[in-house]
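**Q** quick one, what's the 3D model for this:
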Amino acid sequence: MKIHIIAIGGAVMHQLAIALQQAGHIVSGSDDEIFNPAKDNLKKYNLLPQNIGFLSEHISPDIDLIISGMHAKADNPELHKAKELGIKILSLPEFIYEHSKNKLRIVIGGSHGKTSVTGMIMHVCNYLNMSFDYLVGSKVNGFEYNVKLSNDAPFIIIEGDEYLASAELAIPKFLIYKPNIGIINGIDWDHANVFPTLDIYLEQFKKFAEIIPADGALFAADEPNVHSILDNTNLNVSPQYYSTFPYVVDNGIFYLNYLGELFPLQIFGKHNMQNIAAAHCVCEYLGIDTKSFCKAMMSYKSAEKRLEKYFENDKLIVYKDFAHAPSKVKATINAVKERYPDRQLISVFELHTYSSLNKNFIPQYRNSLVNADLPIVFYSKHAINLKQLPDLSTDQVMVAFDHPNLFVTTNINEIQNYISKNIKFPAVILLMSSGNFDNWQLNIDELLKNNKL
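**A** Numbering: from 1, shown residues only. Here you go, the predicted model:
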């Protein structure tokens, strides 16, 4: 097929373009801005658009299919031209469903841990040489691509985002996948720009649970928000609840505990033990015995920017994490503090999403930084303007987070100096953002040079 991808520069969309080309399709694409790593990846496969921008001349009658990303707005000239020519248009989730409608569809939903749980299931199945397709939002260790689509794999593992499918299909992506097997790995209000109240947000997960068929399975985190929708809903299948996989911690190392046998892990944190419990439910459903699961998990490493270790010596350890929602920020900080209780914990958090920059939502962050010794919050005034949100003052942020040692800044260049003046070795620095800190990079050499023991 000849396939054109609108918004090809997205993290998943560019990976889909590569996967489709690898499968033998003729692929083209367009976007109004493309950054690395997407830019280099597309260039490597000769898929980088020659002209940046959405242009109607990119659309010709010989195109068989248009796949449209969320970044493509309703007034996109390429979408308009495709409609005029009668070319079939699908959103990303619609395309994934069309490809996998004859497969077992395993969809991992929830406000947090989706990428990690998806990656864990992928890792275990790969470790055991099972054949499967997948779609995941971030790079998983041991997998070159975020997307794999084949004709022969019996099942597909999908990270099921509750965000909207596209500008023209304003329903959550995870509903379009029509899961046979579903996970709800906890619910905490997010995406306030689309779901303005917690009740509206909860309703999306209720719909997700309701579409799972009687011959399928629903696994759910044993949490109040999850019970509030599942316990009072007429479902086709009874939910099976999980909490954390049994574990012990010794000298900062987390071990899975199965019938008294300990399996050391490369990841840590109570939230990851819940993620492992979710992954175990699915793997057990697929016929994988628990001991094999535990053995496979010993070699699992975090997905990209999911508590990913960036630097380590005896004085300083630096982690990067994708955390952005209040529950994610709190869970990540708690995990690092639990592993390194005797080190100063410096957390640097960027407010970047629509929700986190919304003055009505930001009070949800209260107490999220409580276990950080030196918490720093940064946000860009430019990001607020781009998202067309009302101004947010540093005083409003201070009040919302309610931490006595909090430093708030809109000047990214202040962060390095503030850390240099206040760091106490041994220390661990945790960088948390769903953005890129305005392309700022922590200068580790400068910290170590200026703060000798």
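
**Q** every contact and neighbour count from this point should use C-alpha atoms.
**A** Noted.

**Q** list the contacts for the closest residue in space to residue 25 that isn't next to it in sequence?
**A** Spatial nearest neighbour of residue 25, excluding adjacent residues (Cα to Cα, 6 or more residues apart in numbering): residue 1 at 5.2 Å. Residues in contact with residue 1, defined by Cα atoms under 8 Å, 6 or more residues apart in numbering, are 25-26, 63-65.

**Q** just those residues: which are in helices?
**A** Under the assignment DSSP state H, the contacts of residue 1 contribute nothing to helices.

**Q** and the residues you listed as CSV, adding neighbour count?
**A** Output for these, formatted as CSV (neighbours: other Cα atoms under 10 Å):
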residue, neighbour count
25, 14
26, 16
63, 19
64, 15
65, 19
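
**Q** quick one: which of those residues sit in strands?
**A** Judged by DSSP state E, these include 26, 65 as members of strands.

**Q** turn the contacts of residue 1 into TSV, columns for distance to residue 257 and pLDDT.
**A** Shown next, in TSV, are those (distance: Cα to Cα, whole Å; pLDDT from 0 to 100):
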residue	distance to residue 257	pLDDT
25	46	95
26	49	97
63	54	97
64	52	97
65	49	97
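
**Q** who's the closest residue to residue 307 other than its chain neighbours bridged to?
**A** With Cα to Cα, 6+ apart as the measure, residue 321 is the residue that lies nearest to residue 307, at 4.7 Å, once sequence neighbours are left out. For residue 321, the beta-bridge partners are residue 432 (DSSP bridges).

**Q** give me the number of residues near residue 254?
**A** Under the neighbour criterion other Cα atoms under 10 Å, residue 254 is assigned a count of 22.

**Q** report the buried residues of the host helix or strand of it.
**A** Residue 254 belongs to strand 253-258 when elements are defined using DSSP states H and E. Residues of strand 253-258 classed as buried: 254-256 (neighbour count, 16 or more other Cα atoms under 10 Å).

**Q** right, and out of the residues you listed, which lies closest to residue 232?
**A** Residue 232 lies nearest to residue 256 out of these, by Cα to Cα, at 33.3 Å.

**Q** hang on, that closest one packs against residue 248?
**A** Yes. The pair residue 256 / residue 248 is scored as a contact, 6.7 Å apart, by Cα atoms under 8 Å.

**Q** ok, back up a step: next one: the helix or strand following the strand holding residue 254 to chain centre, how far?
**A** Counting by DSSP H and E, the next helix or strand C-terminal to strand 253-258 is strand 261-264. Chain-centre distance of strand 261-264: 28 Å, with Cα atoms, centre = their mean, to the nearest Å.

**Q** which residues touch residue 359?
**A** Contacts of residue 359 (Cα under 8 Å, 6+ apart): 390, 392, 396.

**Q** apply 7 Å and report the result again.
**A** Neighbouring residues of residue 359 by Cα atoms under 7 Å, 6 or more residues apart in numbering: residue 392.

**Q** may I have stretch 329-342 as CSV, with CA atoms only?
**A** This file holds the C-alpha atoms of stretch 329-342, laid out as CSV (Å, rounded to 0.1, in the frame of the first residue of the first chain):
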residue,chain,number,x,y,z
VAL,A,329,5.9,12.5,40.7
LYS,A,330,5.2,11.3,44.3
ALA,A,331,5.8,7.7,43.5
THR,A,332,9.1,8.4,41.7
ILE,A,333,10.4,10.6,44.5
ASN,A,334,9.4,8.0,47.1
ALA,A,335,11.1,5.2,45.2
VAL,A,336,14.4,7.1,45.0
LYS,A,337,14.2,8.0,48.7
GLU,A,338,13.5,4.4,49.6
ARG,A,339,16.6,3.2,47.7
TYR,A,340,18.9,6.0,48.8
PRO,A,341,17.7,7.0,52.3
ASP,A,342,21.2,8.3,53.3
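
**Q** what about that stretch, average pLDDT?
**A** Stretch 329-342 carries an average pLDDT of 92.

**Q** centre of the chain to that stretch, how far?
**A** For stretch 329-342, the distance from its own C-alpha centre to the chain's C-alpha centre is 19 Å (Cα atoms, centre = their mean).

**Q** which residues are in contact with it?
**A** Outside stretch 329-342, the residues that reach it (Cα under 7 Å, 6+ apart) are 252, 268-271, 323, 345, 368-369, 371-372.
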